[in-house]
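> Quick check, what structure comes out for this input:
(chains A and B)
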Amino acid sequence: MRAPAFTRRAALAAGLLLPATARADGSFAAIPRAGRLRLGLLLDDTPMAFRNPAARLDGMAVAVGRALAEGMGVEPDFHLTTFGDQVDALREGRVDLLVTAPAMTLEAARVMMFSTPYAELDWHLLARRDLPLRGLDEVGRRPLVQLRGWNSVFGNQLLGERPRHLLLRQDWREIAQALAQGEAEAAIVPATLAARITEALPAIETKSSLGRALMAVTAPFGAHDLLEAVNAQLLLLRQRGVLAILHQHFLGTRLRAGGGP
Amino acid sequence: MTPPLPRRALLAGAALLGLPAPHAGAIPAPFAGAMPARGALARILENGELRVGLMLRSPPWAAYNEFGEPDGSEVALARQLARDLGARLRIVVLEAGERIPALESGRVDIIASFPVDTGLLRRIALARPHGRLRVVIAGRAGRHLHGFADLDGLTLALPMGTPIADLVHPLLPPGAVAIFLPDYAECLDAVLYGEVDATAAFEWSVRNLLLTDPFAAIEQGFLVRDSPLSLGVAMGERDLLRFLDTFVLLRTADGTLDALYRRYFVSAPAEAPTAERRAP
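Numbers count the residues shown, from 1 in each chain, chains lettered A, B, ... in the order given. Next up, the predicted model:
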């Protein structure tokens, strides 16, 4: 006999069953009314978000955003953001959710709410091939470059208390430029950016894998109903194996983390 | 007058000059204060103080150590949580019956920790579970206890006035005799020394006992209760609850919680196990 299916309707219902005294906050109800889900997207030309040969938006985060909107019965409406203004876009209500939010950290969780994770990204240490670096402990006071803004928080977490000479850059192209010009001798970046940088600069290679960041959707504080609906959808995508397939397809790695709501 | 440099420019400039980056715990300046949290989370972030209610009577979860300071896995968890919130920790010592009223009156922000049950969920909100609480029946070695029916005709030690005794006593078969002893340790000792046939105990305590002395005259029988363990917050504190969920998820993923529980719940094996069992 076939096991009873955990349906989309059941998942949404379960996700939206609020504690007795918690009032609905209206954040989810507003989405079907608007007929669209506004999703902040950082189009950084990596497997998370890129334009395919047909010039359509594509990538892991794009696929997740489309699935979330479809699950809510509305159209996805992607709003392109930058590393610098994505959190502002969420704060100012220009988007409902960020699908390419900064890596999950507890520092970031003090200013926005994270869903359960939908992807995992290894972070890499990059440096010139002829530089004998095996890990962060050997970087010492060499100039090290990483992404600016919230993405630097996870990098700082990896660096811990190590002494550092840190440069911050806007995107992978600026990081590649800093490495190419010798301004920085090493970089710490997500694996997706590492692939772009090493492709562009053959003299640069990945020296080591530093750790794994969890990637999730974020919502502004107060939008609990919407986040519960997102978590219910992510649970379904995970149960049906969709997230695992997308992860393998776009990121080339197996999705390991649990993270059901 | 020279206009002040934007904070972002200062930070970028500092980085370019090789000055230390902002501390990992600091919120990057351009977003400080953005989308402020509400309720208890807002108060914690603003006041820089996290008030955690704890019942300091249940080692190794929460009790006083030999220096008279609060210690245990839940105390360590609360300390980690305060660090991750960028706040100092204030422990509020509570008795069992004071815990939910303390949450409801706003005397504490969080209670650490509750075994999840449905009755509780009507009064408070519980975060993603961070641990488990397993209660077992342990018998003298060789008893092979598989269920309550096996306790018929046996004598069982129960720790007086504890939730475990309240849980197990009504489930005993009519032919079982319950003896109430002052605490958990005395109940285990009574089994080890052959004074009773079995006792109700936390699974970790039996496991630890056998880890430190593999020849101890006791064996784990059957599981009575297996409850997730969660931090509790007052109803309606959804921003704080969401932060706690992320805290448990990330601190589980990075191994912090596992290390913390190993520190308090797993004993090192004895160097040389005794050759004979302590009890006949």
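> what about the one residue in the stretch 51-200 of chain B that gets nearest to chain A, neighbour count?
Nearest to chain A in the stretch 51-200 of chain B, going by CB to the nearest CB, is residue B:84, at a distance of 4.3 Å. Backbone N, C-alpha and C define where each C-beta goes, glycine included. Look at residue B:84: counted by other CB atoms under 10 Å in any protein chain shown, it has 21 neighbours.
> before we move on, what about the one 3 residues further on?
Residue B:87 is surrounded by 19 other residues when neighbours are defined as other CB under 10 Å.
> Would you agree it is in contact with residue B:42?
No: with contact defined as CB atoms under 8 Å, residue B:87 does not reach residue B:42; the gap is 12.0 Å.
> Kindly report the residues of the stretch 151-261 of chain A close to chain B.
When proximity is defined as CB under 8 Å from any CB of the partner chain, the stretch 151-261 of chain A approaches chain B at A:152-153, A:156-157, A:159-160, A:164-168, A:212, A:214, A:220-222, A:224, A:227, A:257, A:259.
> what about 7 Å?
A:153, A:156-157, A:164-168, A:214, A:220-222, A:224, A:257, A:259 (CB under 7 Å from any CB of the partner chain).
> Strands - which of the residues you listed land there?
A:165-168, A:214 (DSSP state E).
> what about burial for those residues, which qualify?
A:165-168, A:214 (16 or more other CB atoms under 10 Å in any protein chain shown).
> quick one: buried residues of stretch B:91-104?
Buried-residue list, stretch B:91-104, by 16+ other CB under 10 Å: B:91-92, B:94, B:98-100, B:102-103.
> from the residues you listed, which single one is nearest residue A:56?
residue B:103 (50.1 Å; CB to CB).
> Now the closest one: closest residue in space that isn't a chain neighbour?
The shortest distance from residue B:103 to any non-neighbouring residue, by CB to CB, 6 or more residues apart in numbering or on different chains, is to residue B:234 (4.5 Å).
> Equivalent analysis for residue A:192, please.
residue A:46 (3.7 Å).
> What residues are bridge-paired with that neighbour?
residue A:49 (DSSP bridges).
> so what's it up against?
Taking CB atoms under 7 Å, 6 or more residues apart in numbering or on different chains, we find residue A:46 in contact with A:192-193, A:196.
> Let me have those residues in JSON lines, extended by secondary structure and pLDDT.
Formatted as JSON lines, the contacts of residue A:46 follow (DSSP: H, G, I helix; E, B strand; the rest coil; pLDDT from 0 to 100):
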{"residue": "A:192", "secondary structure": "helix", "pLDDT": "88"}
{"residue": "A:193", "secondary structure": "helix", "pLDDT": "90"}
{"residue": "A:196", "secondary structure": "helix", "pLDDT": "90"}
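> Tell me the one among those nearest to chain B.
Nearest member of the contacts of residue A:46 to chain B, counting by CB to the nearest CB, is residue A:193, at 18.2 Å.
> wait, doesn't the closest one sit right on residue A:172?
Yes: Residue A:193 lies in contact with residue A:172 (CB atoms under 7 Å); the separation is 4.2 Å.
> Looking at the two now, which is surrounded by more residues?
residue A:193 (27 against 22).
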